[in-house]
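Q: Sequence and computational prediction follow.
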Amino acid sequence: MRREIPLLLTAVIGGIMIASFFVPHEWASVPADYLQQCAVIVVAFGYVLGGANVFRVNLDAIFKRHRDWPYKLVLVAGLLVTLILGLFVDRARFQDPGTPSLWIYDHLYVPMNATMFALLAFFIASAAFRAFRIRSAEAALLAVAALIVMLGRVPAGDAMLRAIVDHAGVPHAIRAWRISDLQQWIMDVPQNAAKRAILIGAAMGVMATGLRVILGIERAYLGGGD
Amino acid sequence: MGACVVAVLAAAVLSGVPPALAAAPAVADSVPAPQPASGLLFSDVPNDAGRAIDLHWALSPDDSVRNGRVVGYRLERAPSPAGPWAPVDSVGAGTSTTTDGSVERNTPYFYRVSACGPGGVTPSGACAGPAIARSSWFNTTRASVLAFTVLFFLLVLYYMFLAQTGRKPFVRRLAGIDAIEEAIGRATEMGRPVLYVPGIQDIDDIQTVAGLVILESVARMTARYGTPIRVPVAYPIPFTIAQEVVRSAYLQGGVPDAYDPNSVSFVSPEQFAYVAAVTGIMLRDRPAAHVFMGSFYGESLMLAETGFETGAIQIAGTANVPQLPFFVVACDYTLIGEELFAASAYLSGDARLIGGLKGADVLKVAIVAVVIVGCVLETLGHHGLTVWMQTQ
Amino acid sequence: MALERLERLDRRWLFLVLGLLVLGPLLWPLNLPIEPSRPSRQFNDAIASLPEGCTVLMSCDYDPASRPELVPMTKTALRQLWRKHCKVVVTVLWNGGPAIVDQTIEETADEFRARGEKLVDGVDYVNLGYKAGNEAVMVLMGQGIKSTFPLDQHRHDTSTLPILRNVTNYSSFPLLVNISAGYPGTKEWVQQVNSRFHLPMISGCTAVSVPEYYPYLQAGQLRGLLAGMAGAAEYEQLQGERGLATHGMDAQSLAHLFVALCILLGNVVLWSRRGGRA
């Protein structure tokens, strides 16, 4: 029964959700809406389990003085401070102006979040130099398209092209060239076509996996063997 | 007396009227009140759960000639012709339709429309009803989706059945999937762990489910070879599933004592906090193999580049198309789009799962055929297929 | 010899050069001309064609990581809407977003207040705040905005707010302006709201997400699309502003040129190695 009940629940709830897409009647839409609200509540409870695991793993490492245990101490302290401030100090005034929770948000969360995302630019430069090597015709096509789109998306691309072609004696048709127009065409036509093809394929995969899960053929996510 | 009633009515209903209409004075000496709208018609909105009624009326003759006497129209609703009337919507001049989306199903309503202007408010004099919103049993605009869904299910089930009877279809090998066992073997030889990242989304993303399914196969391999595995998870529910999957894999591998409860850890649903933790694991623990299977977003290149710097062999798979170029550039092997969902079938070798792959492929051929036929029909000016396939 | 050094180049030199190329134009602007693209014009025109004084739904689905790309377009959109005396109902579906979205709204509103124009929270705009549930929240809003958000970000009862008096569900809005950084975001709004409830929609998103939304733009499900900071700068240009995005485009231009150079240099190294072996 340990596996049969979850499989039965999956099949029934999956069937209701599929039916609600085609059947607007309240006999399908009301249970579907109710189940979606239940899902939100279940997910919220899951954070209790996750928080408990964070404490268990990191406190274990701290007490046993594993390598880099001071960083784990910082993690646990940060978690406790934010939790206590949010639950017991600020409470209903969470992140209101002048509150400690907003101070943490403005002076810790925002800079750290922005810094991590900003690192991506450096990684792109590093990956572009190291890994973007033209070893085949397809790779050459990819590189050319990437260069056109990168230069076409910024004002510098058109400015550079104008500096090259905008001279007396050059035919007007060439002087009117803009790399941003070529970039727009790449985004509108070949990129769109390829994107749609991959999306259709991925959608087939999503449907197939969903069907396997609903029918109970795919059971690996339950654990415990077949 | 009639003017008093109109004035009282106007005052009563104006409280619910948008500022543009409410600003009009009750009576202006120089501008006469607009002529009434007429011909109010109602209809149940089709293909819904009985929560809306469409309303249509003929414009006031003053609106038709645009003489400035009409600012807009006010729609009112009541349970009976005798009232009590309550405003439900206000629209501007020139508009002759609206939808009342606040009705209760199977409940009769009566409607009336009033023309409003600087000279006053003129009701139409008659009301329309009873209008009853009813639930539809089938959304007819989604018939095409249902047809393709049923066809898909039938194809998948048919090929699953065929595969079970011994006629397993041919499936081409995917280098990325073959490389997983090679990567785990490499990690075993080097005495270093395997890092498995099942994406950064919650369990409601089917890619996370696919990632956890593949984790089962990977965990079985690491249990068999005695290689440590590290699985940092971003959300609590996938975390509990991953714990159970890895624990079961070690149990079935006959080495339950080798299972480390700390091998699967909950990190953070915050995207960049998760990335910081995973890259920290890469740089400190130096896993020899990184397997990224699931839904990834902007952090994909950060994970892959950091992993490259540690010298690990990297295998990635995602259906998030914008992240594919980053994985292709920075990883040794990449599973693209639906190959992620096919991986569980490859790894398990289950005939039914492989049969399902064939069913999905056949439907793709059908979709290509429909696209080609649709393009030809549209070019020739026939829109029937396009109209049938438009959904609401 | 030089190519060998290039092949063994420590990537931290690349990081340093990139950092300087980004910092330089921020301190000494180049003022490169910006030409608005068609999707940006469509975004601008969609708001311009709204009737004066209408109530618009704006969903700001981002967190501080995407601030440079998305906050400028949020501010410009708010300015354009408030210049048309439109009222704005804001929702946030990212749990790290409510505070920064609130700050963005108040900063923009303060610009109008400094010019003597009154903008009142609850009358001219409201931030309904964050609600967990992703697509489930979008579907619930279709049944009722006030029932989905009984309290706003500042814990006012939404049933008493003047701005929401005539707002029931999506049918109360002529347009959805979605500013999104990923999931949940534009794709989910198109799938759950635009296709089910037929609410016209425009979107501003991070540059990395844009290719994913071009099919929706081409199909007409999106009526306009701002692509990252470049799109935000184009939008500012169309509105006659010189904001954060415009200032950032010089830096982004040099960064793109540098990355293009990295691709070329990396391949020069590869080809020279191949030529050396041949």
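A: Received the coordinates, thanks.
Q: Now do the residue lying closest to C:Pro33 once chain neighbours are set aside: how many residues are near it, please.
A: Spatial nearest neighbour of C:Pro33, excluding adjacent residues (Cβ to Cβ, 6 or more residues apart in numbering or on different chains): A:Pro155 at 5.8 Å. Heads up, the C-betas are built off the backbone N, CA and C, glycines and all. A:Pro155 has 22 neighbouring residues, counting by other Cβ atoms under 10 Å in any protein chain shown.
Q: show me the contacts for B:His290.
A: Applying Cβ atoms under 8 Å, 6 or more residues apart in numbering or on different chains to B:His290 gives the contacts B:194-195, B:197, B:282, B:303, B:307, B:312-315.
Q: Out of the residues you listed, which is nearest to B:Ala187?
A: Of all the contacts of B:His290, B:Ala187 sits closest to B:Val194, with 4.9 Å by Cβ to Cβ.
Q: confidence score at that closest one?
A: Listed pLDDT for B:Val194 reads 97.
Q: Next, the distance between the ends of stretch C:218-235.
A: With Cα to Cα, to the nearest Å as the measure, stretch C:218-235 spans 19 Å from end to end.
Q: Please spell out which residues along it are buried.
A: Using 16 or more other Cβ atoms under 10 Å in any protein chain shown as the test for burial, stretch C:218-235 gives C:218, C:221-235.
Q: Which of the residues you listed fall within helices?
A: C:218, C:228-235 (DSSP state H).
Q: Report the separation between the residue in chain B that chain C sits nearest to and B:Tyr73.
A: Distances between chain B and chain C by Cβ to the nearest Cβ are smallest at B:Gly101, namely 4.4 Å. Applying Cβ to Cβ, to the nearest Å, the value for B:Gly101 to B:Tyr73 is 17 Å.
Q: who's more crowded, the two?
A: B:Tyr73 (28 against 22).
Q: tell me the secondary structure for the more buried one?
A: Secondary structure, DSSP: H, G, I helix; E, B strand; the rest coil: B:Tyr73 is strand.
Q: you'd agree B:Ala183 is in a strand?
A: No: read with three-state DSSP, B:Ala183 is helix and lies in no strand.
Q: Counting neighbours, what do you get for it?
A: Based on other Cβ under 10 Å, the number of other residues close to B:Ala183 is 25.
Q: so it touches B:Ala289, yeah?
A: Yes: B:Ala183 lies in contact with B:Ala289 (Cβ atoms under 8 Å); the separation is 3.8 Å.
Q: hey, what's in contact with both of those two?
A: By Cβ under 8 Å, 6+ apart, the residues touching both B:Ala183 and B:Ala289 are B:194, B:313, B:315.
Q: so what's C:Ser66 closest to, chain neighbours aside?
A: In this structure, C:Ser66 finds its nearest non-sequential neighbour in C:Ala181, 4.0 Å apart by Cβ to Cβ, 6+ apart.
Q: which ones are touching that neighbour?
A: Going by Cβ under 8 Å, 6+ apart, the list of residues near C:Ala181 reads C:61-63, C:65-66, C:69-70, C:94, C:205-206, C:209.
Q: quick one on the thing from earlier: out of the shared contacts of B:Ala183 and B:Ala289, which is nearest to B:Gln271?
A: B:Ile315 (21.7 Å).
Q: close to chain C, is the helix or strand harbouring the closest one?
A: Per DSSP states H and E, B:Ile315 falls inside strand B:313-318. No: shown here: strand B:313-318 not in contact with chain C (Cβ under 8 Å from any Cβ of the partner chain), separated by at least 12.7 Å.
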